[in-house]
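1. pasting the sequence and the predicted model now:
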Amino acid sequence: TMPSADAMAQASPAIIDRFQAIKKVDLSRMSNLAGNIEVFKDMQIKELNLYYCYNLIGVMPPNIFVLLLEGKANLKDSGTVTMPSADAMAQASPAIIDRFQAIKKVDLSRMSNLA
């Protein structure tokens, strides 16, 4: 099970710094991994692979949603994940909003697990 966002918020500053320094996450085929995708909300991830993480659920944070739209996140066959609300996107950092607005083409045709 992945730690919750609340658990991560209570971690020591050294742990948080190390966690936020991670740029690439590949947990593909970890079918027993359970948790909420929100745990990645404060990470500056550049690539994310959660392929076949069946027990991963939750609302995607804006940064993960943008990675997905950019083709830099693979959530195929993960658990049921929901796209962020318009309000959540509006509250995203200016950098995330700029990246979101720069997207010209999106292919989510194989994403049957999006809610």
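-> Now that the structure is in, tell me what you want to look at.
2. count the neighbours of the residue nearest to residue 26 when sequence neighbours are not counted for me.
-> Setting aside the residues directly before and after it, residue 26 is nearest to residue 49 in space (C-beta to C-beta, 6 or more residues apart in numbering), at 4.3 Å. Just so you know, the C-beta spots here come from the backbone N, C-alpha and C atoms, and that holds for glycine as well. Here the count is done by other C-beta atoms under 10 Å, and residue 49 has 18 residues near it.
3. residue 49 touches residue 30, doesn't it?
-> No: look at residue 49 against residue 30 with C-beta atoms under 8 Å: they stay out of range, at 10.1 Å.
4. now do the shared contacts for these two.
-> When contacts are counted by C-beta atoms under 8 Å, 6 or more residues apart in numbering, the set common to residue 49 and residue 30 is empty.
5. longest strand in this structure, please.
-> Determined from DSSP state E, the single longest strand within the chain is strand 55-59.
6. quick check: mean pLDDT across the helix or strand that it is followed by?
-> Under the assignment DSSP states H and E, the closest C-terminal helix or strand after strand 55-59 is helix 62-70. The average of the pLDDT scores along helix 62-70 is 97.
7. quick one: buried residues of helix 62-70?
-> By neighbour count on 16 or more other C-beta atoms under 10 Å, the buried set for helix 62-70 is 62, 63, 64, 65, 66, 67, 68, 69.
8. what's the neighbour count on the residue lying closest to the fourth one once chain neighbours are set aside?
-> What it means is residue 65. Setting aside the residues directly before and after it, residue 65 is nearest to residue 84 in space (C-beta to C-beta, 6+ apart), at 5.2 Å. One way to gauge burial is a neighbour count; for residue 84, by other C-beta under 10 Å, it gives 20.
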